[in-house]
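Q: need a 3D model of the following:
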Amino acid sequence: MGQQGIWDWEKRQAHLVEQKCFLPQLDSLMPWSEFRPILNQVYEQPRKSNAGRKPIDVILMFKLLILQRLYNISDADLAYQVHDRLSFMKFLHLGLEDNVPDATTIALFREELTQLNLIDLLFEQFASYLGHRGYQAKGGQSVDASFVPVPKPHHKKAENEQIKAGQVPEAWAEATKEQKEVDARWTKKNQVSHFGYKNHVSIDAEHGLVRQYAVTNAAVDDAQVFAQVLDVENEGEQVWADSTYGSENTEWVLPKMGFKSEIQERGYGNQPLTEEQKSNNKEKSRVRARVAHVFGHWVNSMGGKLLRGVGQVRIAAKVGLFNLTYNLRGYVYVQRPGVV
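A: As a prediction, the model looks like this:
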């Protein structure tokens, strides 16, 4: 019976490869070793004692975090599914006899990456790899932002007022401050209320990959982050964005920075758009809309955008990992035969 189980394992893995399953392709195509120098910084921190179990390989831990963002699952669910799913075990190069990191270990590793500000470095490392592989940012860029919801807290009115004023409510004990969400904000768009954060991104028009990003609370106006996410290394000069980003100041600044504005124009009650402006907006929208694929993919293929975590620093780390994972997926996709 045991022998049959081994053969079943090999047969099922061969079938996954034959079907060009995404995880085997991701595993084989990614330059995992190039991330190691950055990841090793987690274990370069001084340890209280040399006793105990040796640290788990950083590449294994990094791949666990990529799996987590691919499917938007909790630390506990991730640990369980690695035990349960053959495809996850194969991706991690784990055998049935190997130990699987538990939820606490996964959380601690991600927290170390977060506190050491290594997520951005990992993102930049892969960007460098893409450039060396011929996938430089080209064709201009599209800028947009999307809400990142987090669980809604149940604060008292007085607590909310103190939070909005940038204060920590006096009633909260020191032990609970790390467990209370004070950075996220409410905002409204199209009469719909949102609570959480925003993922502001710039993608290149040639490959549709995320080239720059920034994370803010949900109440920050998109236009305030516009300059921050512009990719100065894009070989194209055009910048596409919806009318939210349009202003006299923006139209003046972009040429000074070497960019050409393709921002959609906005009509007003006393000055509606002309037919020519409407036609131009339609043309601009065809390119601009591609940036929405990033957020649509997050919802439709990567488990949704709701993130669990406390504070902007931790949410920004998870968003950064998502943006990196999106680029990993994009790179695998363009490697498939027939894809241009």
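
Q: hey, let's count contacts and neighbours off CA atoms from now on
A: OK.

Q: what pLDDT does residue 304 get?
A: Listed pLDDT for residue 304 reads 86.

Q: so that it lines up with my notes, have the first residue be 11 from now on.
A: Sure thing, new numbering starts at 11, so read that last one as residue 314.

Q: that one looks like it's in a strand, true?
A: No - judged by DSSP: H, G, I helix; E, B strand; the rest coil, residue 314 forms no part of a strand; its state is coil.

Q: ok, it touching residue 82?
A: Yes - with contact defined as CA atoms under 8 Å, residue 314 reaches residue 82; the gap is 6.9 Å.

Q: so where's this structure shaky on pLDDT?
A: By pLDDT under 70, the weakly predicted segments of the chain are 11-30, 55-63, 164-189, 347-350.

Q: need the helices for the stretch 161-310 of the chain, in chain order.
A: Assigned by DSSP state H, counting those that start in this stretch, the stretch 161-310 of the chain shows helices spanning 167-174, 184-187, 232-239, 258-266, 285-298, 302-311.

Q: how about the CA coordinates for the third one, as CSV?
A: Presented in CSV, the C-alpha positions along helix 232-239 are these (Å, rounded to 0.1, in the frame of the first residue of the first chain):
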residue,chain,number,x,y,z
ASP,A,232,-4.6,59.7,-5.7
ALA,A,233,-3.1,62.8,-7.2
GLN,A,234,-1.0,63.4,-4.1
VAL,A,235,0.9,60.1,-4.8
PHE,A,236,1.1,60.6,-8.6
ALA,A,237,4.7,61.9,-8.8
GLN,A,238,5.8,59.2,-6.3
VAL,A,239,4.8,56.3,-8.5
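
Q: what does that helix contact?
A: With CA atoms under 8 Å, 6 or more residues apart in numbering as the contact definition, helix 232-239 has outside contacts at 153, 154, 155, 210, 211, 212, 222, 223, 224, 254, 255, 256.

Q: same list, those, but as TSV with distance to residue 265 and neighbour count please.
A: Converted to TSV, these look like this (distance: CA to CA, whole Å; neighbours: other CA atoms under 10 Å):
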residue	distance to residue 265	neighbour count
153	16	29
154	19	27
155	22	24
210	22	21
211	20	29
212	18	27
222	20	21
223	22	24
224	23	17
254	18	14
255	15	21
256	14	17
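
Q: now, these that are in strands?
A: Using DSSP state E, the members of these that fall in strands are 153, 154, 155, 210, 211, 212, 222, 223, 224.

Q: wait, which of those is closest to residue 106?
A: Nearest to residue 106 among these: residue 223, at 38.8 Å, using CA to CA.

Q: quick check: that closest one vs residue 253, distance?
A: Distance check for residue 223 against residue 253: by CA to CA, to the nearest Å, it reads 19 Å.

Q: what of residue 76?
A: The spacing between residue 76 and residue 253, counted by CA to CA, is 34 Å.

Q: higher neighbour count, these two?
A: Using other CA atoms under 10 Å as the criterion, residue 76 and residue 253 rank with residue 76 on top: 18 against 15.

Q: which residues touch that one?
A: By CA under 8 Å, 6+ apart, the contact set of residue 76 is 331, 335.

Q: what do you get for the one 3 residues further on?
A: Contact partners of residue 79, counting by CA under 8 Å, 6+ apart, are 312, 328, 331, 332, 335.

Q: CSV for those, including distance to residue 146 and secondary structure?
A: CSV is the format used below for the contacts of residue 79 (distance: CA to CA, whole Å; DSSP: H, G, I helix; E, B strand; the rest coil):
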residue, distance to residue 146, secondary structure
312, 25, coil
328, 25, helix
331, 20, helix
332, 20, helix
335, 17, helix
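
Q: could you chop the chain up by domain?
A: Residue ranges for the domains of the chain, per automatic domain parsing: 12-56+63-126, 147-324.

Q: out of those domains, flag the one nearest residue 339.
A: Nearest to residue 339 among the domains of the chain is domain 12-56+63-126 (7.5 Å), distances taken as CA to CA.
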